[in-house]
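# Generate a structure from the sequence data that follows.
(one chain, ligands or ions: 1)
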Amino acid sequence: MIDKALIPKKTEAFDVFTVMDRLDDAQIEAEIKGEVVSTWVYEFEQEGRAIRGLSKKGTDAAVDLLAKRGEVIREKLIAIERTPEAYEFVVVAQKFLLSKDGTQEVLLQESLGFKRQPLTMKKKDGTIIDDPFFFEKGGIKAARNAKRRLLGPAIEELIIAEAVKGRKVKQIKTPASEAEAPAMYEEETSLLTTCPIHNEPWAIRTSKTGKYPPFRSHNLPIGSDKPYCNFSEVMKGDAEASAKALGGTWAAVEERIKTKYNSTWSKLTDEQKVEVVMGLRDLVAAKQQPKAEAEVAEPEAPDEPEDWRDHDTEY
Ligand SMILES: [Zn+2]
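From the prediction side, this is the model:
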């Protein structure tokens, strides 16, 4: 039986705005650390259309461009609300028209920007850790939101055109654009369509070298030292946890796979991986029953695990 918690209710839509916000988190963190940030525009493909949005850096560039034209945007933090899980920031941005000699200014427009920033962040492996930069991220993004509302479409278009010319556009692959790969796993999608750790829909990726069959995977936020969370790894983690609960090791799992399938973990189909995981879970469940005699795997020297980097797809 498949654990109900592992079965997604439905595949969640890829949320472009959440992803862009995460990318900006990484950009803000990089700037704090003094790294060079060059992406002005994020570009996604959705239903065959290119969707573009200014990054935090692109918003700054737009504000600079406006200033050169005599329209200055100034920002001011007006409120911080602290809750146990997040800080909420409110920033006001005001746009002034400066006289040519710079001695006079007229307030043209003002706008509020809001941001609720959690104190924690999700790591590549799904664990939640304290975010050391939550305060900066929240404040800067509230200011970004306020300023962005004062830009207007003409300036945004100019910045996007500049970004395209100057190669400052970051193209982001979406699960939808990935899913056009051959539907090799179509009959399996009822098993597990979403990563149970990150709750992200899997996309089918094809190894360029042809060394591996197409595999299911989804992107992790930029800044992760590993760009993908893949199905095989998640299932392997599950199998390892069961092996550990049984007092065994990964090598013992590989031994079982060799006996049953005359194969290795990395060469199993996704269906077979699910089968292995469920089989191990059954053993763990049996062990937890006081009367049942559990099958305990023999510890052995661990095999070299398949390296995720072998899947050479670009992020
Ligand atoms: Zn995942």
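# Could you use CA atoms for every contact and neighbour count after this?
Will do.
# which residues are there in this protein that come within reach of the ion?
Within the chain, the residues that sit near the ion (Cα under 5 Å from the ion) are Cys195, Ile197, His198, Cys229.
# Pro221 versus the residue nearest to the third one when sequence neighbours are not counted, what's the distance?
In this case it means His198. Spatial nearest neighbour of His198, chain neighbours left out: Gly126 (6.2 Å); criterion: Cα to Cα, 6 or more residues apart in numbering. Noted for Gly126: a distance of 11 Å to Pro221, by Cα to Cα, to the nearest Å.
# With Pro132 instead?
Separation of Pro132 from Pro221 (Cα to Cα) stands at 16 Å.
# of those two, who's got more company?
When Pro132 and Pro221 are compared for neighbours, Pro221 comes out ahead with 21 against 12, by other Cα atoms under 10 Å.
# Next, the residues that contact stretch 72-90 from outside, please.
By Cα atoms under 8 Å, 6 or more residues apart in numbering, the residues outside stretch 72-90 that reach it are 63, 66-67, 91-98, 112-120, 135, 138-139, 142-143, 146-147.
# give me the low-pLDDT residue ranges for the stretch 1-150 of the chain?
Confidence mapping of the stretch 1-150 of the chain against pLDDT under 70 gives the ranges 1-15.
# now the strands for it?
Along the stretch 1-150 of the chain, counting by DSSP state E, counting those that start in this stretch, strands occupy 41-46, 49-54, 71-82, 86-98, 105-118, 120-122, 128-130.
# Make a markdown table out of these and add mean neighbour count.
Formatted as a markdown table, the entries for the strands of the stretch 1-150 of the chain read as follows, by neighbours: other Cα atoms under 10 Å:
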| stretch | mean neighbour count |
| --- | --- |
| strand 41-46 | 20 |
| strand 49-54 | 16 |
| strand 71-82 | 16 |
| strand 86-98 | 20 |
| strand 105-118 | 17 |
| strand 120-122 | 16 |
| strand 128-130 | 11 |
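# For Lys208, find the nearest of those strands.
Closest approach to Lys208 among these is made by strand 41-46 (21.4 Å; Cα to Cα).
# Point out the other helices and strands that that closest one packs with.
Strand 41-46 sits against strand 49-54, strand 169-172, helix 175-178, with contacts defined as 3 or more Cα pairs under 8 Å, 6 or more residues apart in numbering; DSSP states H and E.
# That strand vs strand 49-54, what angle?
The directions of strand 41-46 and strand 49-54 differ by 160 degrees, with axes from the mean of the first three to the mean of the last three Cα atoms, to 10 degrees as the criterion.
# Quick one: distance of strand 41-46 to the chain centre.
15 Å (Cα atoms, centre = their mean, to the nearest Å).
# Please shift the residue numbers so they start at 533 in all later answers.
Happy to do that; since the first residue is 533 now, the last one works out to strand 573-578.
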